[in-house]
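**Student:** can you look at this prediction? I've put the sequence above it.
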Amino acid sequence: MSTGSVLLDAAALRSLLPPSSLVSHLLSSLPFHSATVHSPTRQSFPINPDSSSSFFSCLPASLASFDGTELTLLRTSAVSALASRFLSRDDSRVLVMVGSGALAPYLIRAHRSVRPGIEKVIIWNRSAAKARDLARRLAEDEGGTKGGKVIFEHAEVLDEVIGLGDVVSCATSSHDPIVLGKRLKQGAHLDLVGSFIPAMRECDDDALVRGRVFVDFEEAKAEAGELVGAFERGAISPEDVVGTLVDLAGGLKVGRISPEDITVFKSVGTAIVDLLAAQLAYETHISGSP
């Protein structure tokens, strides 16, 4: 296959980057690449929201262009799944998905790829109709509500189902805590994806106090509303954050110590993961096999 500049749209990326492949790639690559890449303070630049380009410093031209939205959905969910591989219990059976936006089905698929024992997915959204619709669509994709291996349900009241979750994954734009730490059961893993600025917050301080807290990268300590606010209020300190995703992937930190641990993972995203995802998509494409 030609190794010239290529365009990979959303459908191509979904085919090239199944969750299991991308998670494995991040696991093997992050510990080596993160130490050699400097991530500067975030800046905003006008870009085409429907595409992104991967540039390699050793070449003067772009190797490939990607659907930027799809790449973000795939890599964000893969990061959560990689963290879950270290932090959630091996015998996790119930996934509670908080939020039913564009990222939700990607997170559900990714978490299931590392915890294949999940047999029930409960979806909650402020709009019950949207949660119900997503549960229905996922059940249909699975083979029907009765014929599928996984049961998909929607919940009307979040507080009634949080305590059922072995894994609780949150992808919302909430500015106020919607997951209360007191509702989490012993052994639960809390995955926080939605907030990326100090004003946003998906869980309360109690969830952080009760849990072993990890972040994707150090920058999350200054950007994630849950952490920034908790530091300011004195609920926890930056030193209470056990480590990063790179620490977990590189074996530098232990994630779950006991089956009773509550673990928390907070991600805000970083360019190195985009680059690694783009690299895998490009290399898989030119090799001619997904």
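**Tutor:** Sure, I can see it.
**Student:** now stretch 22-38: average pLDDT?
**Tutor:** For stretch 22-38, the mean per-residue pLDDT is 79.
**Student:** typo on my end, it should be stretch 207-221
**Tutor:** pLDDT averaged over stretch 207-221 gives 96.
**Student:** one more: stretch 97-109?
**Tutor:** 98.
**Student:** would you mind measuring the gap between the ends of that stretch?
**Tutor:** Start and end residues of stretch 97-109 are separated by 11 Å (CA to CA, to the nearest Å).
**Student:** can you tell me how far the residue nearest in space to the middle of the chain is from A139?
**Tutor:** Nearest to the geometric centre of the chain sits S80, at 2.9 Å (CA atoms, centre = their mean). Noted for S80: a distance of 22 Å to A139, by CB to CB, to the nearest Å. Yep, even glycine has a C-beta here, placed from its N, CA and C like the rest.
**Student:** what is the least confident helix or strand in this protein?
**Tutor:** Here the helix or strand of the chain ranked lowest by mean pLDDT, DSSP states H and E is strand 52-54, holding a mean of 49.
**Student:** note down every partner strand of the next helix or strand along the chain from it and its orientation.
**Tutor:** With elements assigned by DSSP states H and E, the helix or strand that comes after strand 52-54 is strand 64-66. Next to strand 64-66 in the sheet, as set by DSSP bridges, lie strand 6-8 (parallel), strand 52-54 (antiparallel).
**Student:** ranges for the helices of the protein?
**Tutor:** 10-16, 19-33, 68-87, 104-114, 128-142, 205-210, 220-223, 225-233, 245-249, 271-287 (DSSP state H).
**Student:** kindly reformat these as a markdown table containing distance to K185.
**Tutor:** Output for those, formatted as a markdown table (distance: least, CB to CB, whole Å):
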| stretch | distance to K185 |
| --- | --- |
| helix 10-16 | 33 |
| helix 19-33 | 25 |
| helix 68-87 | 15 |
| helix 104-114 | 17 |
| helix 128-142 | 21 |
| helix 205-210 | 11 |
| helix 220-223 | 25 |
| helix 225-233 | 19 |
| helix 245-249 | 22 |
| helix 271-287 | 30 |
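**Student:** which of those helices sits closest to G255?
**Tutor:** Taking CB to CB, helix 68-87 is the member of those nearest to G255, at 3.6 Å.
**Student:** which elements pack onto that closest one?
**Tutor:** helix 10-16, helix 19-33, helix 104-114, strand 189-192, strand 211-215, helix 245-249, strand 262-266, helix 271-287 (3 or more CB pairs under 8 Å, 6 or more residues apart in numbering; DSSP states H and E).
**Student:** same thing but at 6 Å, please
**Tutor:** Here helix 68-87 touches helix 19-33, helix 104-114, strand 262-266, helix 271-287, going by 3 or more CB pairs under 6 Å, 6 or more residues apart in numbering; DSSP states H and E.
**Student:** ranking these by burial, who's on top?
**Tutor:** strand 262-266 (a mean of 26; mean count of other CB atoms under 10 Å).
**Student:** and it, which strands flank it?
**Tutor:** Counting by DSSP bridges, strand 262-266 is paired with strand 189-192 (parallel), strand 211-215 (parallel).
**Student:** looking at the helices of the chain, which is nearest to G194?
**Tutor:** That would be helix 225-233 among those, by CB to CB, at 9.4 Å.
**Student:** mind listing what's buried along that closest one?
**Tutor:** Within helix 225-233, the residues that count as buried by 16 or more other CB atoms under 10 Å are 225-231.
**Student:** what two of those residues are the furthest from one another?
**Tutor:** G225 and F231 (10.8 Å).
**Student:** which residues does A131 contact?
**Tutor:** Contact analysis of A131 by CB atoms under 6 Å, 6 or more residues apart in numbering lists 100, 123-125, 154.
**Student:** mind redoing it with 8 Å?
**Tutor:** 100, 123-125, 154-155 (CB atoms under 8 Å, 6 or more residues apart in numbering).
**Student:** neighbours of L134, how many?
**Tutor:** 22 (other CB atoms under 10 Å).
**Student:** what about the nearest residue to it once chain neighbours are set aside, neighbour count?
**Tutor:** Excluding the flanking residues, the one nearest L134 by CB to CB, 6 or more residues apart in numbering is S100, at 4.4 Å. Residues near S100, counting by other CB under 10 Å, number 26.
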